[in-house]
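> sharing a model prediction with you, sequence too.
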Amino acid sequence: MKIFTKKISESGTKYNGEMELETFSNNGDELKMTKPISFEGVLKKSDDFVEVNGKINLEYTTACHLCGTEFKRNDTIDVFETYRREPTEDEYKLVGDEIELDEMIFDNLRLNLPVRFL
């Protein structure tokens, strides 16, 4: 999901987008997406950074780590991230006049989904 910074206001701009993904590997477990991963949020910009505040929504099937039974699950992950021209280790790089949300979404999935599904 690419967003041009020229479309983002200082007071905040609402953004909704979707990412098509068939599967996602999480600590050895395979998640099969049953619908696109969506992002809903507000983006705010200043001269050298963009703040992203929103929610990642996903629906998928996976198998129980103990018995192997497949089940369906919905998750919502709250995110608050910063894109900056000179980022710290906890921020994303702001390059040119656009930001790419895919890496931020994948990072938040890895950090916030359960380690094992039971």
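Done, it's in. Computed from a predicted model, the values in this text were never measured in an experiment.

> contact partners for Lys44?
Taking CB atoms under 8 Å, 6 or more residues apart in numbering, we find Lys44 in contact with Ile8, Ser9, Glu10, Ser11, Gly12, Thr13, Val50, Glu51, Asn53. C-beta coordinates here come from the backbone N, C-alpha and C atoms, glycine included.

> cool, Phe80 as well?
Taking CB under 8 Å, 6+ apart, we find Phe80 in contact with Glu51, Val52, Asn53.

> among those residues, which ones are in strands?
Mapping the contacts of Phe80 onto strands (DSSP state E) picks out Glu51, Val52, Asn53.

> and the second one, what are its bridge partners?
When bridges are taken as DSSP bridges, the partners of Val52 come out as Leu43, Glu81.

> burial of it, as a residue count?
Using other CB atoms under 10 Å, Val52 is surrounded by 21 other residues.

> returning to that earlier point: TSV please, covering the ones in strands among the contacts of Phe80 and showing distance to Phe71 and pLDDT.
Formatted as TSV, those follow (distance: CB to CB, whole Å; pLDDT from 0 to 100):
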residue	distance to Phe71	pLDDT
Glu51	35	95
Val52	31	96
Asn53	31	97
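
> any chance of a markdown table for those, columns distance to Glu20?
Shown next, in a markdown table, are those (distance: CB to CB, whole Å):
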| residue | distance to Glu20 |
| --- | --- |
| Glu51 | 26 |
| Val52 | 20 |
| Asn53 | 24 |
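
> ok, of those residues, which one's closest to Met1?
The nearest member of those to Met1, counting by CB to CB, is Val52 at 10.6 Å.

> list the contacts for that closest one?
Counting by CB under 8 Å, 6+ apart, Val52 touches Gly41, Leu43, Val79, Phe80, Glu81, Thr82, Tyr83, Ile99, Leu101, Met104.

> tell me if I'm right that Leu109 and Ser25 touch.
No. In this structure Leu109 lies outside contact range of Ser25 using CB atoms under 8 Å: 10.1 Å.

> buried set for the least confident helix or strand in the chain by mean pLDDT?
Sorted by mean pLDDT, DSSP states H and E, the helices and strands of the chain end with strand 23-26, the least confident at a mean of 84. Buried residues in strand 23-26, counting neighbours by 16 or more other CB atoms under 10 Å, are found at Phe24, Asn26.
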